[in-house]
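Trainee: how does the following fold in three dimensions:
(one chain, ligands or ions: 1)
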Amino acid sequence: MSDFIENETLFNEFEDYVAKNVIPFFSKETRKKFEIYFCELNEWNKKLNLISFKNARDLVYRHFCDSLYSAKAISDILTVYRLSVASSFFLSLKSKRKREGANRKQKSAENAVKIADLGTGSGMPGIPVKIALPGIKLTLIESITKKCRFLNNANNKLGFNIEILNKRAEEIGQNPAYRQRYDFILSRAVSKLSPNLEISIPLLKIGGYFIVHKTKKSEESSKDGLPSAENALKHLGAKLEQTIYYNLPEHESDYCILIFKKYKDTPANFPRKSCCSPNKP
Ligand SMILES: C[S@@+](CC[C@H](N)C(=O)[O-])C[C@H]1O[C@@H](n2cnc3c(N)ncnc32)[C@H](O)[C@@H]1O
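Mentor: Just a heads-up that it's a prediction; the model follows:
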């Protein structure tokens, strides 16, 4: 905990910034979980070189704060969904008991949302998202075994029940236990957009969302960004719904989140085995 005590002022600033700009629901519990995650990452990174960051500020803003934009996108989508469920309900039903029953159903629907973070590394954006939205059911997918050892440790220390899969996404995407089972797939800094779509979209239910972090520069690039992904989107059955641009404190790049929605079954041959390479230790 000594790392955290030295960084208390930084955490106060982080809390203020996030509550004002990213997610309003930053509770004492949220802060405590971020402190634990921060300490574990610092401790394990000394031995295992899990993630690169220049200093504590960089870890907190470039990694935690950036990851929380995925939580914001999920929360915004769920709010729209909840409002549409609620308004159709109010039009069709009048009794108080039935209304309470429907509210309970909406709440449990939110809590049952299934999310996977694909190529999570040391847990970004998945773990910050779980800290912000603790009701979600989260799966972390990571092919490198030492990173999964860290993820298992963080899961225990945070008191979460996250599912951690030490496998390649190409393999998981062809397994009926995982294929087309998720409401949201998240991804950050995993690969170029087109192969990233190929390993992500097969895991989504129809109507589910793929949320990917990019910089504005890479989003616009003809090699990595949207212009290169048109064919993949057509084959995989997904379309771009929304792009959210944002900045991070003390960082010059313009960041963005691309949100894709799946509208039809993904053909059985995706993801292709040819994307696979062996797991690393
Ligand atoms: C640059 S790191 C980014 C990690 C994390 N998303 C972040 O933003 O800090 C990319 C991670 O994706 C993992 N990865 C890449 N391709 C993968 C695949 N096909 N299946 C599972 N993991 C994969 C790598 O092992 C690596 O840990």
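Trainee: residues of the stretch 1-150 of the chain that sit close to the ligand?
Mentor: Counting by CB under 6 Å from any ligand atom, the stretch 1-150 of the chain comes close to the ligand at Ile51, Gly119, Thr120, Gly121, Met124, Ile141, Glu142, Ser143, Ile144, Lys147. Heads up, the C-betas are built off the backbone N, CA and C, glycines and all.
Trainee: which of those sit farthest apart?
Mentor: Largest separation among those by CB to CB: Ile51 and Ile141, giving 16.4 Å.
Trainee: how close does the most centrally placed residue in the chain sit to Asn152?
Mentor: By CA atoms, centre = their mean, the mean C-alpha position of the chain lies nearest to Leu186, the distance being 3.8 Å. From Leu186 across to Asn152, the span is 19 Å (CB to CB, to the nearest Å).
Trainee: and if you look at Ile144?
Mentor: Counting by CB to CB, the gap between Ile144 and Asn152 amounts to 13 Å.
Trainee: quick one, which of these two is more surrounded?
Mentor: For the pair Ile144 and Asn152, the greater number of neighbours falls to Ile144 (17 against 14), based on other CB atoms under 10 Å.
Trainee: show me what counts as buried in the lengthiest strand in the chain.
Mentor: The single longest strand within the chain, with elements called by DSSP state E, is strand 204-215. For strand 204-215, a neighbour-count test (16 or more other CB atoms under 10 Å) marks Leu204, Gly208, Tyr209, Phe210, Ile211, Val212, His213, Lys214, Thr215 as buried.
Trainee: repeat for stretch 183-198
Mentor: 183-188, 190-191, 193-198.
Trainee: out of those, which is nearest to Tyr17?
Mentor: Each of the buried residues of stretch 183-198 was scored against Tyr17 by CB to CB, and Arg188 proved nearest at 19.2 Å.
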